[in-house]
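Novice: fold the following and give me the result.
(one chain, ligands or ions: 1)
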Amino acid sequence: MSIDSFEIPNVFRVDQVDAVVENNKIYSIQLRCPHCSALGTFGSVVGGLRYKKRKAISSSYDIVTAAVRMCPNPKCCGLVFTITSSAQETLSVSPPELLECSFEDVPAAIAATLKEAIACHSAGSFRASAMMVRRLLEELCEDAGVEGRTLHDRLKGLRTKITLPEELFNAMDELKALGNDAAHIEAKSYAMIDREEAELSIELAKEIVKARFQHKSLVERLKSRKTTGAA
Ligand SMILES: [Zn+2]
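Specialist: Numbers count the residues shown, from 1 in each chain. Okay, here's the model as predicted:
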């Protein structure tokens, strides 16, 4: 069931209150925590509210449950507000679930942009997400000290400045086009930017960031074990 199957897709709007539900009657659900990014089983902390939502097509309704839940990671204990269907499907999570990503060894400005791209995606702002990924390309060029009149020129220059697999440089050209379409109404390479495009562009951006900043530091950490580790 998706929220679009309701007459009023806004699941925060109650058609008719059904019952207040005790804590132990609320099923746990699997979520990726928006606060710590860990996958976990989230139980309810204070009970919840059950209410009816009329369906858009038939005259029937579903009984949905609103509840406050807590992240099971003891270092996090982050709270989320969820709305689930009668079949335990997650209809809404606030704050929204985030795509998983590691920011270790990534320069602060680039990490901040990638985080913003992920936040835009989680909020359903897919064009804004694509624009952030394009900005990340700008920052990669700046970080490598590449200059040029346009981003196209700078990405060309980047190929001569840093070592990355050819596929990732090609990916940058695609991401540039996507971000360009997101920013300009006359753009035409991509018909639209939906959840999937936004998600793929973030996955590619993560691979680029990983290859540029994180592989090297893993190798360095391994190497440092040779001199500092036990004989
Ligand atoms: Zn958490």
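
Novice: what's near enough to touch the closest residue to Glu7 other than its chain neighbours?
Specialist: Using CB to CB, 6 or more residues apart in numbering and skipping residues adjacent in sequence, the residue nearest Glu7 is Arg54, 4.4 Å away. Every C-beta, even on glycine, is put in place using the N, C-alpha and C of the backbone. By CB atoms under 8 Å, 6 or more residues apart in numbering, the residues touching Arg54 are 6-8, 15, 60-61.

Novice: same check on Leu222?
Specialist: Per CB under 8 Å, 6+ apart, neighbours of Leu222: none.

Novice: distance check, it against His215.
Specialist: For Leu222, the distance to His215 (CB to CB, to the nearest Å) stands at 11 Å.

Novice: likewise for Ala56?
Specialist: 49 Å.

Novice: repeat for Gly78
Specialist: 30 Å.

Novice: find the centremost residue of the chain, please.
Specialist: Leu99 (3.3 Å; CA atoms, centre = their mean).

Novice: can you tell me the closest non-neighbouring residue to that residue?
Specialist: That would be Ile118: by CB to CB, 6+ apart, it lies 5.1 Å from Leu99.

Novice: next, the one you found: secondary structure please.
Specialist: helix (DSSP: H, G, I helix; E, B strand; the rest coil).

Novice: got a list of what it touches?
Specialist: 98-99, 101, 129, 202.

Novice: what helix or strand is the nearest residue to Asp105 once chain neighbours are set aside on?
Specialist: Ranked by CB to CB, 6+ apart and with sequence neighbours excluded, the top spatial neighbour of Asp105 is Ser217, at 4.3 Å. Per DSSP states H and E: Ser217 is located in helix 215-228.
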